[in-house]
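[1] Give me coordinates for this.
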Amino acid sequence: MARFVVALVVFLAFTVYSMEVTITEGYLAFLEVPMQGGWATQITLDLVVAASIATMWLVPDAKKLGITTWPFLATLPFLGSISLLAYLVVREWKLTRPALVTA
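    Predicted structure coming up:
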């Protein structure tokens, strides 16, 4: 249950922060970041790699637990880590309810 609470708190905090940034800076403002050079480009590429690796873990993990993957994969390009955090919340919720886990 503690892992569920941590996942939920991180998801909510990050989502609220992301919404604030999106409202104040604009949805497409993130496209300017990689153009700022060196480290900005490296961090952007690093996030793409990390999200790709997370997706490779998410799909078999979700299937094992009987969680539908398409909502998380479809929103990943638009919401980034929020989609992955949402999956973690759903995953931890499901794991706190052992009867819901399919073998």
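[2] how close does the residue nearest the centre of the chain get to A51?
    Centroid-nearest residue in the chain, with CA atoms, centre = their mean: L84, separated by 2.0 Å. Here the criterion is CB to CB, to the nearest Å. By it, L84 lies 7 Å from A51. (Each C-beta comes from the backbone N, C-alpha and C, glycine too.)
[3] And for A2?
    With CB to CB as the criterion, A2 and A51 are 25 Å apart.
[4] so how far is A2 from L45?
    Distance, L45 to A2, by CB to CB: 33 Å.
[5] neighbour count winner among these two?
    L45 (11 against 8; other CB atoms under 10 Å).
[6] Spatially, what comes nearest to that one if we skip its sequence neighbours?
    In this structure, L45 finds its nearest non-sequential neighbour in P34, 7.8 Å apart by CB to CB, 6 or more residues apart in numbering.
[7] Now do the contacts for the one you found.
    40-41, 44-45 (CB atoms under 8 Å, 6 or more residues apart in numbering).
[8] what's it sitting at in phi/psi?
    phi -60, psi -20 (degrees, to the nearest 10).
[9] now do T69
    phi -90, psi -30.
[10] switch to numbering from 16
    Will do, 16 is the new start, and the previous item becomes T84.
[11] And the pLDDT at it?
    Looking at T84, its pLDDT reads 96.
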